[in-house]
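S.K.: Next comes the sequence, and after it the predicted model I'd like to discuss.
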Amino acid sequence: MVTGLIGRTAGRLLVPGIFIFGFYIITHGHLSPGGGFQGGAVIATGVALGLVCYNYRECMENFIETKNLKLIESAGLILFICTALAGLVLASSFFFNWLNASGGLFGDPVACGVNAGNIFTAGFIPVLNFAVGIEVFGGLSIVLLAMFAGLRETTQEEDEREAVNFVQTEKEK
Amino acid sequence: MNVDFLTASLPALLITVPLFGAFLTPVCGRFLPNARDAWVILTSIVSSAIAVLLAVQVYAKGTIVYVFGAAPGLGTIPADSGGMPIRILFHIDGFGVFMLISAAIVSFAGILYLTVSQSRRSSRSEFYALYLLLVAGIFGMVSTDDLFNFFVFLEINSLAASALTAYHRNGGLAIEGALKYLIINTVGGLMILFAIGLLYAKYNSLNMAVIASQLSLTTLNLLALILLIAGLATKAGVVPFHFATPDAYSVAPSGVTTLMIVASQAGLYGLFRIIFSVYGSMFTPAAVGWIVIILGVLSMFIGVTMAIPQKDIKRLLSYHAVSQTGYMLLGVGTALAIFDDTTLINTFGRMAMEGGLFHIINHALYKGLLFLAVGAVIYRTGVWNLNQMGGLGHKMKWTMIFFLIGTLAIAGIPPFNGFASKLMIYESTFAFNPAIAVIAMVVSILTLASFMKVFHSVFMGPELPEYANVREVPKRMLAGMAILAVFVIAFGFVPDLTVNILIAPAADALLHQEQYILCVLGGG
Amino acid sequence: MLAVRGERHSPNRGSVAPLNAGDMQQAHYPLPQKLGVISLIIVVTLILMLPAFSLSFGHPAASATDQYYISHSQANTGSNNVVTAIVFDFRGFDTLGEATVLFVTVLGVAMLFRRIH
């Protein structure tokens, strides 16, 4: 179904905002409550908003498609397992935090105790957060789209005809 | 990267390789569809090879303990933690390696079979990815030393197996079986999770060795034991909790059922690990031993009596799978019931334990072979019902030979592997309590009768006109069946060698709990 | 494989009647069965609530591992959030397992809702 003009406009405005908010939750997982799973679920609600405001077919053609989401989901998990394997290859054991305090990408050392929170700390934890976030986003969106694919959506004329019928039956009572 | 480093990180590769293969399979299926079958078979070969290499290493050098995420140079226990391991450990000993070998053989045979038998269906990338994830779940479940990690792999197992069961949607029949399997296994998993929560609240550790070293017998620990036994018996398909097994095994694709049998035996692994290595001899062994024996006898008897009147051939095989699980419980339960009596252990207790454990791998091999042969018949003819089959032996000679090998093995006829393990179970339970051995032999005779009926109605008799143009199945499916048949015959011809190499280390690992604790806490 | 649908009959299934909206009625169980179900619910609830009364909340009997996590996580892993440190560093392998569980679920749903063209 297609919602009215207000619904569609609000959807168009809100979806980028939801994506940014979800990405914020993912990125700041090691500083504030949140992390990969929570942020990915928030991003998936953006896709749900798009599905609610627009037709399933319009979403699939203009917004995002199931086969691309499958790629995104697989990419997230492959990033996760490659980061963990890099710990094995570069250092000692599988899942060793090889970026921690190393001066590299996320490798600033952290001041002990209560501190202001530097995003470039915590080793490979932000990388894993990102990987899990896009995996959860891809996965939940695939579930939404797959279940939506089986529904028969009503067209604009059927919606209006049903509204007219409802008004008439109310008048007859 | 030298060979030593590679060998030292084999436990990590054991899980990583099937996971990586599974994550890449949908991508491969989209961009290079012709290479996808080859990728899946390659991943399966490499994971089975890693499992066998790990087995060789454990048999040569002893138990392997692997820490996930340890900094270079630190051992299992960091110096400032007060003697507790704080990370996730893998503890692979003789029993774990024994289950790994069985899973490696069966998973490879299954994937050879499935790449041909499902070649005409849609969404195969997801199917193969789920199969590889089920393999990873089984490998993880039998290697881990951490209770919550065990639960996570149990979840992977249950979900992947139920999704694979529902692959042939069949107008709703397969989905119904898969839903039943999913609900019953999830309830079992929740019971296990509750018990893990109880143990963590009391001992503040999720490591099996740490809990084993501090365990005492209180009400809450007994409650945790009962919940764990119930949950793991649900996973293994033992009689008061077996309701999902026939429905799910009969509607799943045959290669998948072969692997699901190994997955439910991983549940048996968990049961024996909890009873022997975590709880040890804390409780009165006779009580829990008799509970296990009673569960075993019920499974054997109810399984075979429900199997006899079945007309659906795969449902009949599933009830026989329930019945054979009873033999394994019988053997290990007998060993448990006489656990604290050292003389009896040395006379027939070890033989009972070894018989029960030997039956685990034998059952996976011959029941897998039977399911694959029956699946080949269904693949060519399209019918499940015994009343409508007949005379297929004329056209499908190799399938008939493999089915005959499986039948003789399950009935316990001499040169095949079923005879060896059943003989060990009969001798030891007869010395313990003759009535139980008599029940076991009666069940074996009923099994033989049931399979004679099946063999006669499927393969013997005159050729039927509706099966005039039925041919033999493609060679890759025959290769899968041949792998299992070779092991069935080999284990039957040299049972002493098999018991000494494979089973005796497993029985040792289970019977000596202090060795288990020492490997993790003492040596580091 | 369309012929398959007709052949399959497992003896434990009775005939399946089509489910209409008007056929839904309340299931009437006899009294002994109702009493059995109610007593089972009461017993299971008591068993599951037993730990709530036996274990003390907030003052655990043993807390060595928890104390180690709280005091060492910032130094060892470099993240301010102890929960994230435990989930992704100390017990990161379980997180890989959980991400795999989500992947299994999504693959299962995508496989079940597939369209055959």
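M.R.: Structure received.
S.K.: pLDDT at B:Ala8, what is it?
M.R.: B:Ala8 carries a pLDDT value of 84.
S.K.: For the residue of chain C at minimum distance from chain A, grab phi and psi.
M.R.: Chain C approaches chain A most closely through C:Ser79 (3.6 Å), counting by CB to the nearest CB. All C-beta spots, glycine's among them, are computed from the backbone N, C-alpha and C. Note on C:Ser79: its backbone torsions stand at phi -110, psi 150 [degrees, to the nearest 10].
S.K.: which residues sit against the longest helix belonging to chain C?
M.R.: Longest helix in chain C, counting residues (DSSP state H): helix C:31-54. Outside helix C:31-54, the residues that touch it by CB atoms under 8 Å, 6 or more residues apart in numbering or on different chains are B:194, B:198, B:201, B:219-220, B:223, C:29.
S.K.: out of those residues, which is most surrounded?
M.R.: Using other CB atoms under 10 Å in any protein chain shown as the neighbour criterion, B:Leu198 leads the contacts of helix C:31-54 with 21 neighbours.
S.K.: That one: which element?
M.R.: helix B:173-203 (DSSP states H and E).
S.K.: Find the centremost residue of chain A, please.
M.R.: A:Ile43 (2.7 Å; CA atoms, centre = their mean).
S.K.: before we move on, back to that, return the angle between stretch directions for the longest helix of chain C and helix B:173-203.
M.R.: If you take axes from the mean of the first three to the mean of the last three CA atoms, to 10 degrees, helix C:31-54 sits at 30 degrees to helix B:173-203.
S.K.: could you point out which element follows helix C:31-54?
M.R.: Downstream of helix C:31-54 (by DSSP H and E), the next one is helix C:64-77.
S.K.: For that following helix, buried residues please.
M.R.: C:64-65, C:68-69, C:72-74, C:76-77 (16 or more other CB atoms under 10 Å in any protein chain shown).
S.K.: Residue ranges in the chain under the pLDDT threshold?
M.R.: Reading this off chain A. A:1-2, A:101-104 (pLDDT under 70).
S.K.: that's the wrong chain, I wanted chain C
M.R.: C:1-27, C:117.
S.K.: and the residue nearest to the centre of chain A, what element?
M.R.: Going by DSSP H and E, A:Ile43 is in helix A:36-53.
S.K.: so how far is that helix off the chain centroid?
M.R.: 5 Å (CA atoms, centre = their mean, to the nearest Å).
S.K.: Apart from its neighbours in sequence, what residue is nearest the residue nearest to the centre of chain A?
M.R.: What sits nearest to A:Ile43 in space, not counting adjacent residues and going by CB to CB, 6 or more residues apart in numbering or on different chains, is A:Gly22, at 3.6 Å.
S.K.: tell me which parts of chain C are close to chain A?
M.R.: Chain C comes close to chain A at residues C:74-81, C:83-85, C:87-89, C:92-93, C:95-96, C:98-100, C:102-103, C:105-106, C:109-110, C:113, C:115, as judged by CB under 8 Å from any CB of the partner chain.
S.K.: Spell out for me which residue occupies the centre of chain C.
M.R.: C:Val101 (11.9 Å).
S.K.: pretty sure that one belongs to a strand, no?
M.R.: No - going by DSSP: H, G, I helix; E, B strand; the rest coil, the assignment for C:Val101 is helix, not a strand.
S.K.: Quick check, it in contact with B:Phe151.
M.R.: No - contact criterion CB atoms under 8 Å: C:Val101 and B:Phe151 do not qualify, at 10.6 Å.
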